[in-house]
Structure formats: C-alpha cells, structure tokens
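> Mind looking at a prediction? Sequence and model below.
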Amino acid sequence: MNATNSSTEPEKNRDPQSLRSYRWFGPDDMRSFGHRSRLKGMGFDDIDYQGRPVVAILNTWSDLNTCHSHFRNRADEVRRGILQSGGFPVEVPVMSLGEMMMKPTTMLYRNLLAMEVEEVLRCHPVDSAVLMGGCDKTVPAMLMGAISADVPSVFLPAGPMLKARWKDVTLGSGSDVWKYWDERLAGNVCDRDWNCIENCIAPSAGTCMTMGTASTMACIAEALGFTLGGAANVPAVVAEHSRLAVATGRRAVEMAWEKRTPSSFLNEQSIRNGVVTSLAIGGSTNAIVHLIALAGRMGIELTLQRFDELSRITPVLGNLRPAGQYLMEDFYHAGGLRALLKELGDLIDTSCQTISGTTLGEQIADAEVIEPDVIRSRENPLSPAGGTSVLQGNLAPSG
C-alpha cells in the first residue's frame with residue numbers, strides 16, 4: 001500500500017474560513033448559533049470542530065451485506081486517521097447494496113445510492129468524504145454521487161475475502177458454486193460435502209475473491225485515481241487493511257484543505273485508464289455499464305465501440321478467475337494492481353492525477369511483479385487481446 005501522506009499545502013493557506021463547513025459553523029449569526037448548539041447537544045466542544053475540516057465517513061455497513069461486515073471496525077479506524085490529521089470525523093450511514101441478499105437485483109438501486117451520496121455530501125457541512133464501499137453496485141454508485149457533488153472524496157474499498165479451501169481444492173466464491181451445484185444435481189456431490197462447501201466457500205468478511213464485479217470496480221476506482229495507491233486489492237481482514245483505513249482518513253483531511261475535488265483530477269484519459277484496466281484484469285462485463293455511467297457524470301461520452309477498440313489492443317495480464325487461474329489474495333501477493341498497471345506501460349496514461357496529489361505514474365513507480373504467472377507480462381499475456389468483446393448483429397443491433 002502506497003499511503004504516504006505528502007501534502008505540500010502551506011500551513012498559511014489553511015484558513016478555516018476557506019472551508020465549506022465554515023458557512024455552517026463560522027458566522028456570528030442566529031443560524032450558525034443553531035448549528036453549533038446542536039453539536040454541543042451531542043457532546044462536542046468548540047475544540048472538536050472549530051477550524052477543522054469536517055470529514056464525512058459514508059458507511060455502507062449492514063448486517064445484510066456480507067461484503068461489508070467488517071466496516072463497523074473500519075469506520076473507527078478511518079475516524080482515527082481523521083483525528084490524527086486534525087479533522088472532525090462525522091459518520092453518515094448510506095444505503096447498503098448487498099448483492100447476495102437483495103432481490104431481484106441491486107442494479108435497481110445503484111442510482112438511488114448515487115443520488116443519496118450526492119445529496120448527503122451536498123446538503124451537509126462536509127469538507128471532504130471517505131466513501132466506504134465494495135460490494136458490486138456500491139462502488140460505482142458512491143463514485144457517481146461524489147463526482148456529481150464534486151466534494152473532495154477518497155474511496156476505501158472493502159477488499160476481497162480470503163481464499164477458500166475445501167479438502168485439497170481452492171474455491172472461488174461467486175463462481176465455483178455453479179460448478180458444484182451442477183455436480184450435486186448429477187449426484188456426484190453428497191449432502192454432507194455440499195454442506196461443507198457451503199461452510200467454507202466464503203471464509204471471511206470482504207467481497208468475492210474472484211475477479212467479479214466488486215474487485216473489477218475496486219481496480220477501476222484505483223486506476224481512476226480515487227483511492228490510495230495499492231488500495232484495490234488489500235484483503236478485507238488483514239492488518240494492512242486496517243492501516244489502509246487509517247491512512248485514508250488522514251488523506252481525506254489533506255484533501256479538504258487542498259480542495260482536491262473529483263473534477264480537479266478526473267478527465268477523459270482517466271476514464272480511458274479505467275477501461276484499459278478492466279480489460280487487462282479480465283474484469284466483469286458489468287464494468288461497461290458502470291464506466292459509461294461514471295463517464296456520463298463527468299460529461300464524457302463513452303461508447304461500446306470504444307470498449308471494443310481498446311479491447312483489440314489491450315492484453316489480458318491478470319491470470320485471475322473466472323478468466324484465469326488465481327484469486328484476489330494471490331493477486332495481492334503477486335504485486336497487485338500497481339504492478340499490473342506498470343506492466344501495461346504505454347497503454348496507461350501515467351500523467352493522470354490522483355487523490356494522493358501525485359500522478360498515476362508516480363503512484364506505481366516502485367511497483368514490481370512478484371509472481372509472473374499471476375500478473376503476466378505483455379510478452380506472455382493470458383490473452384493477447386479481447387478482455388471484453390462487443391458483439392453486434394440482428395440479435396443485438398445496438399451491441
């Protein structure tokens with residue numbers, strides 16, 4: 001994880017009156033009196049918030065979202081980082097889209113969460129925000145809302161769950177279930193073994209450990225510059241994920257002073273980086289729908305034709321299930337997304353800015369591939385092209 005907090009913002013420019021929250025708490029008028037008195041009613045004192053950036057922790061924790069079951073603890077760790085850097089943390093719960101439990105599909109609610117994130121950021125005295133998400137639709141929804149609100153925001157991915165083992169077999173959640181269900185229907189898996197698989201296929205908190213939509217969108221978020229370097233692939237329950245949460249909180253405070261809004265670092269080349277990243281990791285086809293929506297929030301037109309054009313020149317370097325062999329924990333230990341982006345070379349625009357205040361190139365400069373079979377080279381790709389193929393014809397005239 002590249003979580004160095006290297007802000008160069010001069011202390012003399014940290015004028016509390018420049019903060020967005022000053023409009024709520026700073027003026028000597030009746031309305032601000034009301035705002036301050038209500039904070040006092042919650043037990044806060046002047047020293048807690050006066051002259052400090054107000055950093056919202058937008059938490060999508062829920063008892064019905066298994067991917068986010070560790071977010072209660074992570075929110076406290078984000079809070080610790082905000083306090084370390086002199087901010088005033090405020091936790092605000094937003095809608096949790098748990099892919100496994102919500103029917104018929106969480107896609108019905110992606111735009112609802114995007115609207116909620118946008119309006120929560122817009123209507124409250126917030127100077128910056130930490131967006132806590134991970135399960136499939138929470139990632140694009142939170143990024144979409146933050147882009148539209150244009151409040152400084154950093155994304156904290158939930159992280160993938162740990163690898164699963166059944167007997168001598170490595171299991172992948174979200175993919176192997178189909179295979180073993182077919183085997184059970186064929187009479188090749190008994191009830192006892194089926195129950196054992198059920199007990200171990202999701203061994204920890206976190207998103208699916210295959211390169212499904214959740215990990216695809218986390219990787220895209222990092223490629224867009226929305227996370228700290230190396231954040232996309234840190235497993236949910238390892239100690240480094242706790243440190244990542246604290247570092248993300250620290251960074252959010254600096255972003256408030258720097259006014260590092262999404263519009264200050266995102267552009268058309270950022271979106272291109274997101275598309276190329278999705279193709280190179282063998283990512284979920286759902287990324288197409290979400291990237292088009294993200295680009296739309298930026299006023300950029302992204303077409304299916306563009307995906308097809310980039311797919312023809314982008315090799316698949318991530319040997320990751322379901323397209324390949326390995327799981328997200330293997331990807332993390334192999335060097336993670338930073339190493340894969342570096343391996344892509346000139347296919348990525350490394351001049352794009354990130355929330356860290358550095359370019360994407362600077363963020364991946366010291367990355368290295370540890371396991372070359374997990375993260376392939378451009379000379380030895382899993383596939384020379386075609387991470388996603390766009391088909392057209394009489395059955396799909398619009399693609």
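Great, that's in hand.

> correct me, but Leu156 touches Met132?
Yes. Judged on Cβ atoms under 8 Å, Leu156 makes contact with Met132 at a distance of 5.1 Å. In this view, the C-beta of every residue, glycine as well, is placed from N, C-alpha and C.

> The two: which is more packed in?
Leu156 (33 against 27; other Cβ atoms under 10 Å).

> measure the more buried one to Leu340 for me?
Per Cβ to Cβ, to the nearest Å, Leu156 is found 20 Å from Leu340.

> swap in Val154?
Remark: distance between Val154 and Leu340 (Cβ to Cβ) = 21 Å.

> Also Leu228?
17 Å.

> what do you get for Thr216?
If you go by Cβ to Cβ, the gap between Thr216 and Leu340 works out to 13 Å.

> which stretches of this structure have low pLDDT?
Applying pLDDT under 70 to the chain flags the ranges 1-12.

> how does it divide up, domain by domain?
Listed domain ranges for the chain are 41-163+203-364, 164-202 (source: the TED database).

> Out of these, which one sits most buried?
Among those, domain 41-163+203-364 has the highest mean neighbour count (mean count of other Cβ atoms under 10 Å), at a mean of 22.

> first to last residue in that domain, what's the distance?
Taking Cα to Cα, to the nearest Å, domain 41-163+203-364 runs 46 Å from one end to the other.

> repeat for stretch 198-209
15 Å.

> Run the chain-centre distance for it.
19 Å (Cα atoms, centre = their mean, to the nearest Å).

> Overlap of the contact sets of Leu156 and Met132?
When Cβ atoms under 8 Å, 6 or more residues apart in numbering defines a contact, the residues bordering Leu156 and Met132 alike are 74, 78.

> The longest helix along the chain: how far from the chain's middle?
If you go by DSSP state H, the chain has its longest helix at helix 239-258. Its chain's C-alpha centre and that of helix 239-258 lie 14 Å apart, by Cα atoms, centre = their mean.

> So what touches whichever helix or strand comes after it?
Proceeding N to C from helix 239-258, the next assigned helix or strand is helix 262-265, under DSSP states H and E. If you take Cβ under 8 Å, 6+ apart as the criterion, helix 262-265 is touched by 146-147, 150, 152-153, 225-226, 298, 352-355.

> Take the residues you listed and keep only those in helices.
Short answer: these in helices (DSSP H) are 146-147.

> what's the longest helix of the chain packed up against?
strand 54-59, helix 71-84, strand 128-133, strand 153-157 (3 or more Cβ pairs under 8 Å, 6 or more residues apart in numbering; DSSP states H and E).
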